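1. the following comprises the amino acid sequence and a computationally predicted model.
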Amino acid sequence: MSDSALFPSLPGSARLWVHVADHDVTPQAQKATVDVLQSFFETWDSHGRPVTAQAAWRDDRFLFVAAHIDAPGQSISGCATDALVQTINQAAQAQEIRWASALTVAHRTPEGDVSVVPRTAFAGLASQEVVDATTPVFDPSITELRALRSGAFEQPAGSTWHARAFSLAHPA
């Protein structure tokens, strides 16, 4: 499923959380995690207002959770967010899923696989020109569903902060 088709029942303004696994997650572990989250979503609220939410995996590495409160001017509270994060972490632990550090870079290899490496390792790949400005990289810091749908999650490194931070070469 393309990113533009994820969570069709939620508005583009829905809050988005992206969790990056530091290893491929099996289909069974993905299903078990989503099942736990779906159960949590049935009673999830923010200051008494029901939260509508959905979860999905992409590329065996990325867990997306999108959520929305159907009340103008209302956002999901910190307490509700904490409850979500606790549920995600408990479900991940039960499936032996390890989350990647924020100091990693997720990118697509020439073979089309997703690789998550420390920033220092990515810098080494850049200096060896294994990765360059055309290498697709992932941005787990996006926070709205509309950004995911518009393609902001996976972009060529040359159009992201990675190009500046790692002095990425432009292929000939």
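-> That came through fine.
2. centre of the chain to the longest helix belonging to the chain, how far?
-> Looking across the chain with DSSP state H, the single longest helix is helix 78-94. Relative to its chain's centre, helix 78-94 lies at 15 Å (Cα atoms, centre = their mean, to the nearest Å).
3. and if you look at stretch 129-142?
-> 14 Å.
4. tell me the pLDDT at the spatially most central residue of the chain?
-> When Cα atoms, centre = their mean is applied to the chain, the residue found nearest the centroid is residue 18 (2.7 Å). Confidence at residue 18, expressed as pLDDT, is 98.
5. state the mean pLDDT of the longest helix of the chain.
-> The pLDDT scores in helix 78-94 average 97.
6. what's that helix packed up against?
-> strand 15-20, helix 27-41, strand 45-46, strand 62-68 (3 or more Cβ pairs under 8 Å, 6 or more residues apart in numbering; DSSP states H and E). C-beta: built from backbone N, CA, C; applies to glycine.
7. recalculate using a threshold of 6 Å.
-> Applying 3 or more Cβ pairs under 6 Å, 6 or more residues apart in numbering; DSSP states H and E, one finds that helix 78-94 contacts helix 27-41.
8. using CSV, list the CA coordinates for the helix it packs on.
-> Backbone C-alpha positions of helix 27-41 (Å, rounded to 0.1, in the frame of the first residue of the first chain) are rendered in CSV as follows:
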residue,chain,number,x,y,z
PRO,A,27,4.8,-10.5,9.7
GLN,A,28,3.7,-12.4,12.9
ALA,A,29,5.2,-9.8,15.2
GLN,A,30,3.8,-6.9,13.1
LYS,A,31,0.3,-8.5,13.3
ALA,A,32,0.6,-9.1,17.0
THR,A,33,1.7,-5.5,17.6
VAL,A,34,-1.1,-4.0,15.5
ASP,A,35,-3.6,-6.3,17.3
VAL,A,36,-2.5,-5.0,20.7
LEU,A,37,-2.8,-1.4,19.4
GLN,A,38,-6.2,-2.0,17.9
SER,A,39,-7.4,-3.2,21.3
PHE,A,40,-5.9,-0.1,23.0
PHE,A,41,-7.5,2.2,20.4
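9. from memory the residue nearest to the centre of the chain sits against residue 140, does it?
-> Yes. Assessed by Cβ atoms under 6 Å, residue 18 is found in contact with residue 140 at 4.0 Å.
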